[in-house]
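**Student:** Here is a sequence together with a model predicted from it:
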Amino acid sequence: MRICFTFCLLALSLLGADLEAELKKRIAAGPGQVFLAARNLKTGTSVSIRGEEKVRTASTIKLPLLVEVYAQVAAGKAKLDDTLLMRAEDIVSGSGVLRELGPNVRLPLSGVANLMIVVSDNTATNMLVARFTADAVNARMDLLGLPATRLMRKVRGDGKQLKAAEGFSKAGLLEENKKYGLGSSTSLEMVKLLEILEQGKTPGSAEMLAILKRQQYSDGIGRKIGELTVANKTGSLDHLRSDVGIVYTPKGPVAIAITVEDIPGIDYGEDNPGLLLIADLANILVDHLGR
């Protein structure tokens, strides 16, 4: 029995070393800086490269906001069939479709929450921040043991159509947090949040995972892994790409969080070099942890 246990530990150690070496080799080929963490939620095998360092989240912070929405629904503070008024101040440029409807339209909470994830709708995000508040999201993250995960404010929009920043959380008003823009987190905390959802440890976990499985951006984690099911949320800024999600593999669900910072040039196409890097890293992680 002791020999078997020792052999298993040695095999796991070798697996981890091989995985980290392959990841670092691809990261060295560029572009930019990489922060990642991954964990097979069934076997517990995990890897982290700069996973404890805080990064800009871009739109991946919309997942913690979704968690707060469902927590308040479960607590009876809101209902999914409540209607929200889309005000002119909520409407911003960038990803999404709700801005095409114009102001003074009432929409069901469930639909707004869906669009925030499925098409990363920025206007939907602002409507939810106005209703539930960024401070409430951050308090929820504290309860879940995720102190680095912070929603700072509402979305300002994209490019030259930026609106004045508003809807700040207390964390967002701190000088040291202004560099993060919309939100901050770490790869390790995002993996932990995904694990909380997969294990059903926060209200509405199954419903939220179903929404994540329907989101429409698959140029990162989902790009090279074949027919495996993915539940994920992406984020993008001029020089950043990020993707956090669960890949459902034959050996168990693998939670992955990857951020690529300092991508040279500005390219919002599907072949952005940061996206290609995320795709390669995700494929390596799935090969080692899930296949």
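**Tutor:** That came through, no problem. Residues are numbered from 1 along each chain as shown.
**Student:** Please make it C-alpha for all contacts and neighbour counts, starting now.
**Tutor:** Will do.
**Student:** which stretches of the stretch 1-150 of the chain have low pLDDT?
**Tutor:** Low-confidence segments of the stretch 1-150 of the chain (pLDDT under 70): 1-15.
**Student:** now the strands: where do they sit in it?
**Tutor:** Here the stretch 1-150 of the chain has its strands, by DSSP state E, counting those that start in this stretch, at 33-40, 46-49, 55-56, 83-86, 105-108, 150-151.
**Student:** what does the stretch 151-291 of the chain give?
**Tutor:** For the stretch 151-291 of the chain, the strands defined by DSSP E, counting those that start in this stretch cover 183-185, 229-237, 240-249, 252-261.
**Student:** In CSV: those, plus mean pLDDT, distance to residue 64 and mean neighbour count.
**Tutor:** Output for the strands of the stretch 151-291 of the chain, formatted as CSV (pLDDT from 0 to 100; distance: least, Cα to Cα, whole Å; neighbours: other Cα atoms under 10 Å):
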stretch, mean pLDDT, distance to residue 64, mean neighbour count
strand 183-185, 98, 10, 25
strand 229-237, 98, 11, 23
strand 240-249, 98, 12, 26
strand 252-261, 98, 14, 27
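**Student:** would you turn those into a markdown table with distance to residue 105?
**Tutor:** Output for the strands of the stretch 151-291 of the chain, formatted as a markdown table (distance: least, Cα to Cα, whole Å):
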| stretch | distance to residue 105 |
| --- | --- |
| strand 183-185 | 28 |
| strand 229-237 | 26 |
| strand 240-249 | 31 |
| strand 252-261 | 35 |
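**Student:** Go through these and name the closest to residue 40.
**Tutor:** Minimum separation from residue 40 across the strands of the stretch 151-291 of the chain (Cα to Cα) falls at strand 252-261, 4.2 Å.
**Student:** residues contacting residue 140?
**Tutor:** The contact partners of residue 140, taken as Cα atoms under 8 Å, 6 or more residues apart in numbering, are residue 68.
**Student:** Please convert the strands of the stretch 1-150 of the chain to JSON lines, extending it with mean neighbour count and distance to residue 198.
**Tutor:** Putting these into JSON lines (neighbours: other Cα atoms under 10 Å; distance: least, Cα to Cα, whole Å) gives the following:
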{"stretch": "strand 33-40", "mean neighbour count": "24", "distance to residue 198": "11"}
{"stretch": "strand 46-49", "mean neighbour count": "18", "distance to residue 198": "16"}
{"stretch": "strand 55-56", "mean neighbour count": "24", "distance to residue 198": "23"}
{"stretch": "strand 83-86", "mean neighbour count": "18", "distance to residue 198": "28"}
{"stretch": "strand 105-108", "mean neighbour count": "14", "distance to residue 198": "26"}
{"stretch": "strand 150-151", "mean neighbour count": "30", "distance to residue 198": "21"}
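**Student:** Now that residue 58 has come up, it's in contact with residue 233, right?
**Tutor:** No: Residue 58 lies out of contact with residue 233 (Cα atoms under 8 Å); the separation is 10.4 Å.
**Student:** give the contact list for residue 135.
**Tutor:** Contacts of residue 135 by Cα under 8 Å, 6+ apart are 151, 169, 170, 171.
**Student:** By neighbour count, which of the residues you listed wins?
**Tutor:** residue 151 (31 neighbours; other Cα atoms under 10 Å).
**Student:** In space, what's closest to it - neighbours in sequence excluded?
**Tutor:** Using Cα to Cα, 6 or more residues apart in numbering and skipping residues adjacent in sequence, the residue nearest residue 151 is residue 183, 4.5 Å away.
**Student:** repeat for residue 38
**Tutor:** Excluding its sequence neighbours, the residue lying closest to residue 38 (Cα to Cα, 6+ apart) is residue 256, at 4.4 Å.
**Student:** Pretty sure residue 16 sits against residue 48.
**Tutor:** No: applying Cα under 8 Å, one finds residue 16 not in contact with residue 48, separated by 10.0 Å.
**Student:** who's residue 185 bridged to?
**Tutor:** Beta-bridge partners for residue 185, by DSSP bridges, are residue 55.
**Student:** Please report the distance of it from residue 286.
**Tutor:** 23 Å (Cα to Cα, to the nearest Å).
**Student:** can you give me the helices in this protein?
**Tutor:** Taking DSSP state H as the criterion, the chain contains helices spanning 2-28, 62-74, 109-118, 122-132, 134-143, 187-198, 205-214, 273-290.
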